[in-house]
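Visitor: Predicted model, plus sequence, below.
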Amino acid sequence: MEIKQEEPEPSIKPALSPPKPFVYLQDACWKHRYIRSKHTSLVPERPERLRAVILGLSAAIARLDPGFTSSQVSEADALAATLERTLNIGQGPESAGSSSRSSSSSLPTSPICVKSSNAVADFFNNAAVKFVHGDVDGDVYLEKLRALVHGSAAKIANGESEIPEGLSQGDLYLSPGSLDAMQGAIGTLNEAIDGVVAGTASPRAFVAIRPPGHHCGEDTPSGFCFINNVAVGAAHAHLKHKIKRAIIFDIDLHHGNGTQSIAWQINEETFRKKLEQEAGAPPEDPGLQVFYGSIHDILSYPCEEGKPDLVQAASTSIHGPHGQYIENIHLERYESNEQFFAEVYPKYLRLISRAETFLGETGGADDDVMVFISCGMDACEHEHDYMSRHGRKVPVSFYHRFTRDACAFADKFARGRLISVLEGGYSDRALISSTMAHTVAMAQASEDESWWSLDNLTQLEKLLPKKRKSPRPSAPTTSPSPWLSTTSAIYTSIEALSPNMIAPPPSTPRIPTPVLPSSRTLRERKPKSGVTSAESTPSSSPLRVPRSTTNATKKSPIRKTAPTVTEKKINILDDGTGSDSSGSSELSSSPPSPVLQVQKPLPQEPAKEVKKLPRVILHVRPPPGMQGASGAS
């Protein structure tokens, strides 16, 4: 089906129905690996997560494809037709600052089109990346990140950690392929945005990339995240396609503190320009405005220790004052699916109604709106218990119902333009089932809960290879159902498009690294008196921090502003030092603190000029002997 772009009108007509969603995959995302040890079973954020996503996608295609469901064709013919429709080779659109060579579906009869992208965004020549993670004094954070990636193998081979002291050793890791994975992730996301806006593809796309991003602030990596994918995507839509209003629905189990922090800064800058123009400054194009709405567990990371600034940020509800539009809703327990959708789910829909209010107050439906979903799947009922220990979950069908409602919102206000980006989700069962429900809803198919029943999920899990080096999913021991055979064939065909998915990981010389990854039992981990430690999280909204002109204007050259007030603060970005005596990170420009630093140097350190907003820093020490990771996306 060809999607034709209409001319802008005062009120937006719904997108053509039913749309055929595109699912974007990126082979380079397999290159970000944990290499400190061969034992990775307790590392939640692993490349193998993508296998489960692809399997859930394959099952969705098998269930939806009309060639498979028709009783007038043989199973073999239906299978061949399904693969042809889904995985034909074609060329994808190119993104600014990226190279793109993609294989994709080109026939209109497939219910979901799969695009294997090779797009790459060069972080040091990409305006959107600099808009979010750049600095008026240069690419300080990005340069540090690149240096750490390039030096990661040597550090680990020497028995050291590749993550600087001052950042969580359990939540963050790097390897020689990490930068390729991150640049490929952003290039693929930008490619998806370009296709959606240009009307050359479906108005809906799901971008299955890693590492996740919503915990990463402007220059503060945390919770598995080094680059904020969704924030960079919104900036790309703004800078290249003149999107002025971005809606971000974050449905991860954990609060997207990094995305909220970045959204606050962007809104603050846009609001400042508005006030200046009202006071007589020369008119200029309005800046980007962001609505950020999150549904999350207030008892989980990054709020699990109950730090007041983190909990307050994750509970913020502000709509209009200071140009901010932020809504946070806490997950609740539920007893049954029926009770969830009758009593609990309507409360979560407040996220969408608040977004409607935002658009109503900023100009209504127009051609300058795009909707994003930070699609974390770790709130799913099938997530590992160690990841979701507080019982605040959602049934699998939530991912169908919320996706359906978000698509309807996008149809009404944004020409149907909706980009979903993978965030968290760590158990195979959670990723398989949630991906099925999510992509089926994006294809506007009716909900059929039997598709992700426990029995069917158990059968699907058997298709996943049990050994890392296995090039093909294992075959069922008994005669499988036709839909399962089709799922297996689709999965194998998609796998063939990803060489890094099949190939074993490169070997890295290792000396036992004296790094103790943190566990999930955060409440039991208290630092000893007088010792600061590891985990850094970006600031969310500056709820208790006085706003300053410098805070509003320090951003990257894209903003075309400069600081007007000189403030003092510790700078830990000096080259060659690794980390300072206080245990600060060489990645972050924020000093460590038990809770919050507000323009105040640490003892025994010279003060330097501030360049970043005040940061909320959460410090947690791992218990001896524990392995795993505590941060979450």
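Guide: Great, that's in hand.
Visitor: contacting residues around Phe256?
Guide: Slight slip there: residue 256 is Gly, not Phe. For Gly256, the contacting residues are His214, His215, Asp250, Tyr292, Ser294, His296, Ser374, Glu423, by Cβ atoms under 8 Å, 6 or more residues apart in numbering. C-beta coordinates here come from the backbone N, C-alpha and C atoms, glycine included.
Visitor: Phi and psi next, for it.
Guide: According to degrees, to the nearest 10, the main-chain angles of Gly256 amount to phi -80, psi 70.
Visitor: Just give the number of residues close to the residue nearest to it when sequence neighbours are not counted.
Guide: With sequence-adjacent residues excluded and distances taken as Cβ to Cβ, 6 or more residues apart in numbering, Gly256 is closest to His214, at 3.5 Å. Residues contacting His214 under the criterion other Cβ atoms under 10 Å number 30.
Visitor: so what pLDDT did His214 get?
Guide: Residue-level confidence at His214 comes out at 99, pLDDT.
Visitor: Kindly provide the distance from the closest residue to Glu284 other than its chain neighbours to Pro282.
Guide: For Glu284, the nearest residue in space outside its immediate sequence neighbours is Lys273; the separation is 6.9 Å by Cβ to Cβ, 6+ apart. In this structure, Lys273 and Pro282 are 11 Å apart, going by Cβ to Cβ, to the nearest Å.
Visitor: Pick out whichever of these two has more residues nearby.
Guide: Higher neighbour count among Lys273 and Pro282: Lys273, with 21 against 6, using other Cβ under 10 Å.
Visitor: Mind checking what secondary structure that one has?
Guide: Assigned with DSSP: H, G, I helix; E, B strand; the rest coil, Lys273 falls in the helix class.
Visitor: Who are the contact partners of it?
Guide: Lys273 sits next to Ala281, Glu284, Pro286, Gly287 when contact means Cβ under 8 Å, 6+ apart.
Visitor: Can you give me the neighbour number for the closest residue to Gly213 other than its chain neighbours?
Guide: Setting aside the residues directly before and after it, Gly213 is nearest to Asn229 in space (Cβ to Cβ, 6+ apart), at 3.7 Å. Applying other Cβ under 10 Å, we find 29 other residues in the vicinity of Asn229.
Visitor: Do I have it right that Asn229 meets Thr188?
Guide: No - counting by Cβ atoms under 8 Å, Asn229 stays clear of Thr188, with 9.5 Å between them.
Visitor: Quickly list what's touching both of the two.
Guide: Applying Cβ under 8 Å, 6+ apart, one finds that Asn229 and Thr188 are jointly contacted by Ile209.
Visitor: ok, back up a step: closest to Tyr334 out of the contacts of Lys273?
Guide: Distance from Tyr334 was checked for each of the contacts of Lys273 by Cβ to Cβ. The minimum falls on Gly287, at 39.9 Å.
Visitor: Now do the SS call for that closest one.
Guide: Using three-state DSSP, the structure places Gly287 in coil.
Visitor: For Pro346, see how far away Gly223 is.
Guide: Using Cβ to Cβ, one gets 29 Å for the distance from Gly223 to Pro346.
Visitor: Show me which of the two is the more surrounded one.
Guide: Legend: neighbour count by other Cβ under 10 Å for Gly223 and Pro346, higher for Gly223 (33 against 9).
Visitor: ok, Pro480 - how many residues close by?
Guide: For Pro480, the number of neighbouring residues by other Cβ under 10 Å comes to 16.
Visitor: Against Asn456, how distant is it?
Guide: When Cβ to Cβ is applied, the distance between Pro480 and Asn456 equals 11 Å.
Visitor: Tell me the confidence at Pro509?
Guide: 51.
Visitor: And Leu463, by the same measure?
Guide: 95.
Visitor: didn't it look like it was pressed against Leu55?
Guide: Yes - under the contact definition of Cβ under 8 Å, Leu463 touches Leu55, with a separation of 6.1 Å.
Visitor: Compare neighbour counts for those two and give me the winner.
Guide: Neighbours around Leu463 and Leu55, counted as other Cβ under 10 Å, are more numerous at Leu55. The numbers are 26 against 22.
Visitor: Check which helix or strand that one maps to.
Guide: Taking DSSP states H and E as the criterion, the element that holds Leu55 is helix 49-64.
Visitor: I'd like to know which elements that helix is packed against.
Guide: Under the contact criterion of 3 or more Cβ pairs under 8 Å, 6 or more residues apart in numbering; DSSP states H and E, the helices and strands touching helix 49-64 comprise strand 22-26, helix 75-86, strand 204-208, helix 428-442, helix 454-461, helix 482-496, helix 499-502.
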